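# kindly generate the corresponding structure for this input.
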Amino acid sequence: MKIIILPVGQVPIDVLQFIKQGLKEIFLNIEAVLHETSMPLPSEAYNSSRRQYYSTRILTKIRNTFRKSESRYVLGVTEADLYVPALNFVFGEAQMRGNASIISLFRLKPEFYGELPYSRLFHERALKEAVHEIGHTLGLEHCKRPTCVMYFSNSILDTDRKTATYCEKCRSSVLTALQRKS
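Numbering: from 1, shown residues only. The predicted structure follows:
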């Protein structure tokens, strides 16, 4: 399995490197690579009244840019604030059982909540959301265990409470999905 980490717009290299290394540690036997160029934020995804980007439109562009492959996944990473119509914001979105996902770093930064910048916390939050969205591409739904990475994050408190790893049940589902793909 190969995960391509695609910057969408300008994204700091340190967080991309942290996600890359974390994915290699969590998903053993995968190849995680940084895409050499970033994809511009699609102007048609921007909603000026909300001052946010519609994540589904960006996800569609990622999916259309990278043809579906059984062994290749694309994780978009952006600093833009994302939303879907039914919610005020999303930390990310994924194509269920597909090959494309995206996460937003915008609301993962401690300074968004009036706190001092803290890169370790920021990087850990980004990794959790990346692992969560990749889980959806592998067919996992939200988990009821608050510490499982597949738990739905309704707020940053939920993200901080969960770990970057799957609970035993979700881990079993990930392993089954990966075995089917190899």
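# quick check: longest helix of this protein.
In the chain, taking DSSP state H as the definition, the longest helix is helix 119-137.
# spatially central residue in the chain, please.
Closest to where the C-alpha atoms of the chain average out (CA atoms, centre = their mean) is residue 130, at 3.1 Å.
# before we move on, back to that, after the longest helix of the chain, next one along is what?
Later in the chain than helix 119-137, the nearest helix or strand by DSSP states H and E is helix 156-161.
# and the helix or strand that that following helix is followed by, average pLDDT?
Moving toward the C-terminus from helix 156-161, the first helix or strand encountered (DSSP H and E) is helix 168-181. The average of the pLDDT scores along helix 168-181 is 90.
# which residue lies farthest from the center of the chain?
Farthest-from-centroid check, the chain (CA atoms, centre = their mean): residue 49, 24.9 Å.
# distance check, that one against residue 124.
33 Å (CB to CB, to the nearest Å). Using the backbone N, CA and C atoms, a C-beta is placed for each residue, glycine as well.
# thinking again about what came up before, off-centre distance for the longest helix of the chain?
Distance of helix 119-137 from the chain centroid (CA atoms, centre = their mean, to the nearest Å) equals 6 Å.
# how about residue 135: what's its closest non-neighbour residue?
In space, and not counting its chain neighbours, residue 135 is closest to residue 150: 5.2 Å by CB to CB, 6 or more residues apart in numbering.
# give me the low-pLDDT residue ranges for this structure?
Filtered on pLDDT under 70, the chain yields the residue ranges 68-71, 182.
# let's go with 80 and repeat that
Residues of the chain meeting the criterion pLDDT under 80: 67-71, 181-182.
# and residue 23, helix, strand or coil?
Of the three states, residue 23 takes helix according to DSSP: H, G, I helix; E, B strand; the rest coil.
# residues in contact with it?
Going by CB atoms under 8 Å, 6 or more residues apart in numbering, residue 23 touches 3, 5, 30, 32, 75, 127, 130, 131, 134.
# can you redo these as TSV with distance to residue 45?
Shown next, in TSV, are the contacts of residue 23 (distance: CB to CB, whole Å):
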residue	distance to residue 45
3	22
5	19
30	28
32	25
75	17
127	24
130	20
131	24
134	21
